[in-house]
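Colleague: 3D, please:
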Amino acid sequence: MANLFPAQTRVSPHFSEPDLIVTYAQASGAFAALQGGKPRVKISKDDLYVYINALDLRTETLSAQAGANYLPSATLKGTYYGTQTYLVRTRSIWDEQDIAAAAHYAVSLPAAQDLAARQGIYQQMRTGLLYGYQPANGEGLINTAGATSVTLPPDEYGNTTVVTYDNGAMSLWLLSQIVNLKSGMYQSGAQITNRIRFIGPQRVLLQFQLANIVQVVAYQRPGAGTSTTAEVVQNVAREAGDEVEYYYDDTLIGKGAGGADMVIMTIPEIEQPDMPGINTNVFGDIQPATKAVNLQYADMAAPMKIPTPIPDGAITEVQQMRITSGWCIRPQGLYLLSLPY
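Modeller: As a prediction, this is how the structure comes out:
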């Protein structure tokens, strides 16, 4: 909460560069796991829980050459799920002396404090999305009950790390995980196009994208000598009608099984399997229904600012948002890949 702008001693004559060296933080790609790439702004500022209803069915029929006296019927079962909301707040304080001191550094203190507070809240939203506030309750994407956790197996040479793994074998392994992901949610046929997203540390995904060129071997394999692991995965998926995208978040370093790096693979929004004519998924036409796989809710699109004058001429400004943790409502659509670096 401090505003530290000490006095300066300079040699004259001199030239002062007007531009600042600003500390950068990683612009996290974690929110790409959400439908639409952002939280749903639907809750009120005083909502303590978010609930969503679910509908399941089991239909029995009878097949015979003659009519029967007893006929089975469909069983519809309604249930609901819920998750808590959390109020995220932070405070900024400054007075005219702070503003004057910051001005000597070419800093607009109110604007800097505003952006600093906003960044802190957004980083807290990222933490809630990935890890939750109460992991024991299944909050956060990596704590999702029913999500599929997979550890990278050894390649044909016995390598088990990202930097030593056979690059062609790595691309085939990633493609096999996409097959499992799509199969688990019936995302095949009927001209379904999925947007598959990988979210992981830079050192893993950039290795796939830039450094891991598929080696040339005695037999032809996709991308040998010309494409990286990531390009092979993208090109093969594109030919099958899907899009693969890569996003980065370095907080996932060491979050996998046994201290391995975690890479999240997910389809944020599924397509409804549908076929012309006879459709064995016709119940999927019922409305209203959501196609989302991962959710996070917020009470507003950006933090609320509450400035208040305080004694002795200072200003205090509180910024706040109410959010939920990350919430995977379709665990079949979330794969947690543990890749030792």
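
Colleague: just the helices in the stretch 1-150 of the chain please.
Modeller: 96-103, 109-131 (DSSP state H, counting those that start in this stretch).

Colleague: deepest of these, which one?
Modeller: helix 109-131 (a mean of 18; mean count of other C-beta atoms under 10 Å). In this view, the C-beta of every residue, glycine as well, is placed from N, C-alpha and C.

Colleague: so which elements touch that helix?
Modeller: strand 74-94, helix 96-103, strand 314-324 (3 or more C-beta pairs under 8 Å, 6 or more residues apart in numbering; DSSP states H and E).

Colleague: run the last query once more with 10 Å
Modeller: Using 3 or more C-beta pairs under 10 Å, 6 or more residues apart in numbering; DSSP states H and E, the elements in contact with helix 109-131 are strand 74-94, helix 96-103, strand 304-310, strand 314-324.

Colleague: among the ones you listed, which is nearest residue 9?
Modeller: Among these, the nearest to residue 9 by C-beta to C-beta is helix 96-103 (15.0 Å).

Colleague: report the distance from stretch 180-195 to the chain centre.
Modeller: With C-alpha atoms, centre = their mean, to the nearest Å as the basis, stretch 180-195 stands 19 Å off its chain's centre.

Colleague: correction: the previous question concerned stretch 85-99.
Modeller: 28 Å.

Colleague: CA atoms only for it - export them in CSV, please.
Modeller: Extracted C-alpha coordinates of stretch 85-99, given in CSV (Å, rounded to 0.1, in the frame of the first residue of the first chain):
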residue,chain,number,x,y,z
THR,A,85,-18.8,-17.0,-4.6
TYR,A,86,-16.0,-14.9,-3.1
LEU,A,87,-15.6,-11.1,-2.7
VAL,A,88,-12.1,-10.0,-3.9
ARG,A,89,-11.1,-6.6,-2.6
THR,A,90,-8.0,-4.3,-2.5
ARG,A,91,-7.4,-0.8,-1.4
SER,A,92,-5.3,2.2,-2.6
ILE,A,93,-4.4,5.3,-0.6
TRP,A,94,-2.7,8.5,-1.7
ASP,A,95,-2.6,12.2,-0.9
GLU,A,96,-1.3,15.3,-2.6
GLN,A,97,2.3,14.7,-1.3
ASP,A,98,2.3,11.2,-2.8
ILE,A,99,1.0,12.6,-6.1
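
Colleague: returning to that earlier point: could I get the helices of the stretch 1-150 of the chain as TSV with distance to residue 40?
Modeller: Listed next are the helices of the stretch 1-150 of the chain as TSV, based on distance: least, C-beta to C-beta, whole Å:
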stretch	distance to residue 40
helix 96-103	37
helix 109-131	12
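
Colleague: closest to residue 90 out of those helices?
Modeller: helix 109-131 (4.9 Å).

Colleague: the inter-axis angle of the closest one versus strand 74-94?
Modeller: Taking axes from the mean of the first three to the mean of the last three C-alpha atoms, to 10 degrees, one finds that helix 109-131 is oriented at 150 degrees with respect to strand 74-94.
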